[in-house]
Structures are given as C-alpha cells and as structure tokens.
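Peer 1: Below: sequence and its predicted model.
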Amino acid sequence: MTQFTRRFMLAIGAASISVSALPAFAQDYPTKPVTLVVSYAAGGGTDAIARVFAARLEKALDGRVIVENRPGAAANIGTDVVAKSDPDGYTLLIGNQGPMVVNPHIFKLRNDPAETLDPIAMIADAQLVVVVGPRLPVKSMAELLEKAKSQRLVYGSAGNASASHVATLLMGQMAHVDLKHVPYKGAGPAVNDLVGGHVDFMVTTVPSVIGLIQNGTLTALAVTGKERFPALPDLPTVAEAGLPEYSATAWYGLLGPKGLPEEVRQKLAGATAETLADPAFLESLQKDGGVPSHLVGKDFADFMASERERWGEVVKAANIKVE
Amino acid sequence: MIETIEHLGLGLSVALTLQNVFFCFVGCLIGTLVGVLPGVGPVATISILLPVTLSLDPTGALIMLAGIYYGAQYGGSTTAILVNIPGEATAVVTAIDGHEMAKRGKAGLALGLAAIGSFIAGTFATIVIAALATPMTKLGLLFGPAEYFSLMIMGLVLAVVLAHGSLVKALAMIVAGVLLSCVGADMETGRERMTFGLHMLTDGIEFVVLAMGIFGFGEIFKNLADPEKRDVVRGKIGRLLPTLAELRENIRPILRGTGLGSVLGVLPGNGAILAPFASYALEKRLSDRPQDFGKGVPAAVAGPESANNAGAQTSFIPLLTLGLPPNAVMALMVGAMMIQGIVPGPQVIENNPDLFWGLVASMWIGNLMLVVINLPLIGLWVKLLKVPYRLLFPAIVAFCCIGLFSISNDPAQVMMAGVLGLLGFALYKLQFEAAPLALGFVLGRLLEEKLRQALLISDGSMTTFLTSPLSAFLLLIGLVALVIAVLPSMRKSRDEIFTDA
C-alpha cells in the first residue's frame, strides 16, 4: 500500500468516526417502522423464516418491523429495491443463497449484492437432505452414487438454480456422475412426484420432507451440511457418506444497503444476536432444518464471498447461464 | 362405516368447543371478506396471519386458517356474480352465467344457489375426507407429469365447450391464453420469453392481474361505454332466495359438480381449478338447452360453484394423509402445522386424532357458518347493485388497484391490469369470449410445465403419454369430447352455408 492510500484510509477512518458520533438519529434508531424486504412471495420458506424473525426482531429493537414481499425476477427485484434505498437502516433485506451468491453467476444483475449491499449478520444455516422415493430402492448414499454410475438417475428440484438444484449439481460433479435434472415450481410439487415414483431422488429442505421421512414414505440418505442434523441424528452427512469435501446449505442473513451508519449496523447486529438467543425462535428455526449462525459484519461478508466463488464454479461447470 | 361415524363424532366434539367454533367463525368471516375483496387472496392473508397463530392452540389455529381458505373460495364467487371479477381461477366459470343472471335481475337467485350448492358440496366433501381420504390420496399420486399433461389436454378440450359463440373464436382465445401463459422466464433455462425487456414481465403475468384486467376493468369499460343498457339491468333486483322448484331443478347439477370437484381436488398441482370448468362442460352437455349457456342459466352457476367448493375441501386430503400440499394455500398450512410442532403426514391421524378429525369436522361446521354468514348478506350484496354506477365503479376500481398492488407491492401490476382491461374491452367489442382465454392461460402454464417435465424424464420420447395407461385414457376422453364438441357445430355451420346459399 502506498503512502497516499494509507493516509487516505486514515482520513476515511477518522471521518467515519466523527460522522458516527454526530447524528443523534442513529442512536435513537428505530424511530419509525423498519421494512424487512423478502424477495419471494408470501408463503415460501424464506418468507416463513423472515416473518418469525421479524416478530422477534421487533422485541429486540423495540420498534415495528414490517415484512414486505417484493418477489420477482429470480429474487433479484428484492435485491434491487434494497440496494437503491437510503442506507438509514429502515429498509433491510433477508438475503439468502440464491440471489446473494448464485444469481451473480447466472444473470446480468443491475445491482451486484457484493457491491451494493452491506451484510449485517447471518441468521441461520439450513441443511438440505438427500431423499429417495419408491422408484429408487437404495438404502445408503454409497448405493445411490453406485447406481448413478450405471444409469442416469432423475432428480427433481425446487426450480432452476434453486438451492436444491445447485446442491445436487455439486454432488453430481464431485461424484463424477451424470444426473438428469427435472425442475419443478417449488419443493412441494417435486416432493409429490418423488413420492409418486415419477423421479428417483431429490435434495431438498428438511421441512418439505421430514414427515415423509419419519413415516417411512421416503428414505433419507444423508444431510448436506458439515455436521449431522440434530433432529435426524442417525443420518450421516454427504461428506461422511462418500464425498469428503461436500457441503451445501441454504442460508439466510440480514443485509442493508451499502453505507449503513455504524451504530445502526451494530444495533441491528445486536438485535439479531438477541433474537438468535431466543429459545422460541431457535425452536422454530430448528423445525425448518436450520441452526443459528453467529457470523456478523465482515465475517458474514467473507462467508458470502467464499460461497460465491464456490457456487460460481459449480454453476459454470454445469453451464447454467441466462442470456 | 361405524368407524367413520365414530371419527366424525370425535371430530365434532373437538370442533364444537366454544373456542374452536369461535376460531372457525373468525376464519370464515375473514375468508369471506378476503374473497369478496378483489385481488386480496387467501395466500397473502394466511401468510400474514401465520405468526399470529403461533400463540394459539394448534387445532384452533388450523381450523381458523382452513376457514379462511374455503371462506375465500366462497366469497370470491360473490364478486364474480355481482361485478364480473373472478378473484380466483375457479370463479371464472361462476362469472360467466352468474353475472348474466345478475344482469337479468336474478343476482339473489345466483348467490343463493351458490351458497346452497357450496354447502351441499362442503357436506359431501367432508364425508369423502372422513371415509375415503387414503384411497383418494393414492389416486392423486398416480398423476405424474405425463398423466397430468394429458389431464390438461382434456381440460383444454373442455374449454372449447365453454364457448357459446363461434368455435373458431373460442379456439383462438384458448391459444391466446396459452401464449400469454408462456410470457416470462423459461422454467428450465431461465431465458426470457416475450418480455420485451420489461422487468415486470420476467415472472410472467399473474392470474389475478389477468382476471382483474380482462374481466374486471374490461367490464367497467363496457358498462361505462354503454350506460343505458346497464341502468335497465340494474332496475330489477328479483327474488333473493331460490324457490323449492328452483332448488329441485338444480340439485342434480349440484350433486354432479360435487362429485367432479371431490375427485379433481385430490390431484396434485391444484387440480381443483379444473373442477368448475369440467362441471360447466358437463352441465352444458347434459342440458336440453345448451344454447342458453352463457346467458344466465342457474345450473351453470350451481354446478361449477359446488364443484369449486368440493375441490377446495378435498384438496386437504393429500395434505392431511401424506403431508403433501397440492397448492400454495396448503403449503402454508404445512408451515402452520410445523410452527405448531406438528409434522404433517400420515402419522398425524394416529398421533393427533383430535386435531385431524377436529379439522375435518370443522369444515362442515364452517360450511354451515358460511351459509349463515352469507344468506343474510345476499340482500345486502344485491342492494349494492342499486348504488349508482358513478359511485360503484370508482369503488370497484379502487379496491382492484389495492388488491393488484398488494400482490407484490409493485405499481407495475396495476398498470398491466389497466392494459389488459383495454384488451378485455376490445375482446368484448369484437365478440370474443374471455373465459376460454382465462382457462387457456391457467392450463397453459401447467401444460408446459408438465410436458417438459415428462419429456425430461422420458429423454424426449413422446410415447410416454401413450405408454402410461392413465395418460392414454385421459387423452382418449379428450379426443372423444373434442369430436362430440366439434361435430354438431360443423354440422351447424354447414347448415348455415346451405341456408345462405
């Protein structure tokens, strides 16, 4: 680093300290309702987490938090809305894997989340689970991968470039097997066809299949995270079951437009931490297959950067691109 | 049989507690309101209310949410009949003859038949759920992409029968509907189709936007352009409730609609939307005066309304028996159950019998309540038509705009509906039917999705639609229906040619 830039950085640092000391509004934050943007229509998995989160965040912030659904364009519209809003902490985003780190590799984005958004804190990390239906009577991950070598297995996904899709892509690439992808509109219809024996297997969110696993309609083979899932302790991770480097989770985080006042950001990070310590919130999170995350600020940003690089390679290898 | 009665008894004992009756009432009331207000749908309402249900007891919460769902289905037909705005795909059919009836001063009769038909359908569907839930679920699971595609083809053939004018125009409208459904990002590659670079079109056109534009705004343009006709119509109100003779006349359509709806409701991917269309087509086929359909035939309201309600109710079957949600509302119900710590699936019936049977029984009570809530309201609704149109239409437009905006908090949706309204008016002027367009639009989306899924699974081999017996059977029915539909009109047009000559 040259002398000039170092001095420049110092100046910026000093300026930001004086700025953050000045305005009284940041300390009183929030003085009006906070809008929490969800990039999906009401009723989806992200929406469900956002609504439960918002209800707890209200208590921690001692102010109104309103969930606003801004669905559209593969969840890129929500990103645009927040990126363009004033960085005052009154417009926030529930960001998740797809629009934050996968979409930049697929779409020409108007607002790149890495440049236009400020990661505040990560909320949760949700495991996915590998399940097979009656069409493919295998009992373990190893058997599934073995079978996939001799025949082209069909898997359903919750949609093109969804967490369920890219997690299966990664699996296929690591195992060097060719899989047949059938996209559905959401996990529900895909699980339905898995139960009906129209597709072979699926990698999907825990809540979409937990009941069917427990009553034996579907067979769970593995979970996709680095650690086992507490509600299904006998289930190995994909890494344990044969693909040592494998890990894929759907995660959720709180972000704001670039340039949030430091005090607001810290208040929000603190409120998020408080929410994540709430046993009732943890319980509902666990039902969604999630574990709380404690990545804040820069750590969260670094995590997003590494996820972005990793999924970029997967998407590139699978040649998914929208012109 | 005795077991079923015992189960229903247990259910009634749960559903009839003061607290649960209250939740059921609240659900039905909210549902009716949401249904009557154009644009505000049950999906948005339930997801907003979901966090509230956290603090309720699980049975009460689910009873209330279920009430919102079938209450909304029911309330939607009120708006369809009175002002020709179908808020849900299923109400499109009700609007055809229902609104005609309203224009002829029979709004009360149309609303009354809808209420009574829905109640009978709801009662029957409750019994179906109690007695046949498990075998019905198996039927639903037989429908993979190939079978579903063939079912949709059959549905499109039925759409032809919906038309009461020119067959060529009806076909053109169906094709236009299918094309409109193709707008937006491709489901497999994400490539944009027919979006002209407009951001608001990347996710395709929302059904509510289409319906409110073409039917709602189109109707308003139509009325404003033709004030004299409208005032004559509104002068008459007519009787409020159907007579016994009218009931007797419509009991068969109601029962047939109930049967169709009960079966189609179980199918995954919202098979219930086919139910009213199928019922309309069936009634038209069985009627002595099919040429009157579209001009305000009571059976064309009673049948489809019953089918609609039965379908709405039996769509709970896959959710309750397997934990598989067949549509967006049921997916929310899964969410509601999970929040309450109940994992949806076959074990619910064993682990939480009071919840399961309580919910089932509450549906019957809810249907009764809907009649109780709505029959007295019919007088009020009909009086609404007496309101001078210069006051009524701005109110309708305002409610529509609020509803449209609330879909995704985006003004672009409101503008799109305005443009579609002009299209609806143009269609009216050119004497094209909007209903086949709406059906083409609804089915087109599923048609493409299922076609591509089926072909992906079969590696592109078209024979997959014939090698599956169920799929082949459905295609055959479609073919037969098409021949029956086309033959008479071909004969007729030949007659016309002859008379002209």
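Peer 2: Sure thing, it's come through.
Peer 1: check contacts around residue 308.
Peer 2: In the absence of a named chain, chain A is used. Residues near A:Arg308 by C-beta atoms under 8 Å, 6 or more residues apart in numbering or on different chains: A:Met100, A:Val101, A:Pro104, A:His105, A:Ala114. C-beta coordinates here come from the backbone N, C-alpha and C atoms, glycine included.
Peer 1: meant chain B actually
Peer 2: B:73, B:77, B:90-91, B:93-94, B:118, B:121, B:257, B:261, B:272, B:275-276.
Peer 1: cutoff 7 Å now
Peer 2: B:Gln73, B:Thr90, B:Gly261, B:Ala275, B:Pro276 (C-beta atoms under 7 Å, 6 or more residues apart in numbering or on different chains).
Peer 1: Relative to chain A, which residue of the stretch 351-500 of chain B is the closest?
Peer 2: Residue nearest to chain A within the stretch 351-500 of chain B (C-beta to the nearest C-beta): B:Leu456, separated by 4.7 Å.
Peer 1: Spell out which residues of the stretch 351-500 of chain B are next to chain A.
Peer 2: Residues of the stretch 351-500 of chain B found near chain A (C-beta under 7 Å from any C-beta of the partner chain) are B:Ser408, B:Asn409, B:Glu449, B:Gln453, B:Leu456, B:Ile457.
Peer 1: Need those residues in CSV (columns: neighbour count and pLDDT).
Peer 2: Converted to CSV, these look like this (neighbours: other C-beta atoms under 10 Å in any protein chain shown; pLDDT from 0 to 100):
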residue, neighbour count, pLDDT
B:Ser408, 23, 76
B:Asn409, 15, 80
B:Glu449, 22, 89
B:Gln453, 27, 94
B:Leu456, 18, 93
B:Ile457, 21, 93
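Peer 1: Give me the secondary structure label for the most centrally placed residue in chain B.
Peer 2: A centroid search over chain B (C-alpha atoms, centre = their mean) returns B:Thr90, at 1.4 Å, as the residue closest to the centre. Put simply, B:Thr90 is helix when judged by DSSP: H, G, I helix; E, B strand; the rest coil.
Peer 1: pretty sure it is touching B:Phe277, no?
Peer 2: No - look at B:Thr90 against B:Phe277 with C-beta atoms under 7 Å: they stay out of range, at 8.7 Å.
Peer 1: Am I right that A:Met122 sits in a helix?
Peer 2: No - applying three-state DSSP, one finds A:Met122 to be strand, outside a helix.
Peer 1: now it, which residues is it bridged with?
Peer 2: Taking DSSP bridges, one obtains A:Gly253 as the residues bridged to A:Met122.
Peer 1: How about the contacts made by it?
Peer 2: Neighbour list for A:Met122: A:Trp251, A:Gly253, A:Ser293, A:Leu295, A:Phe300, A:Phe303 [criterion: C-beta under 7 Å, 6+ apart].
Peer 1: Restricted to strands, list the residues you listed.
Peer 2: Among the contacts of A:Met122, the members found in strands (DSSP state E) are A:Trp251, A:Gly253.
Peer 1: Distance check, B:Glu433 against B:Ile153.
Peer 2: 20 Å (C-beta to C-beta, to the nearest Å).
Peer 1: for A:Asp86, same thing?
Peer 2: Using C-beta to C-beta, A:Asp86 is found at 52 Å from B:Ile153.
Peer 1: More neighbours: those two, which one.
Peer 2: Using other C-beta atoms under 10 Å in any protein chain shown as the criterion, A:Asp86 and B:Ile153 rank with B:Ile153 on top: 22 against 11.
Peer 1: these two touch, right, that one and B:Leu475?
Peer 2: Yes - applying C-beta under 7 Å, one finds B:Ile153 in contact with B:Leu475, separated by 6.2 Å.
Peer 1: Perfect, I'm done here.
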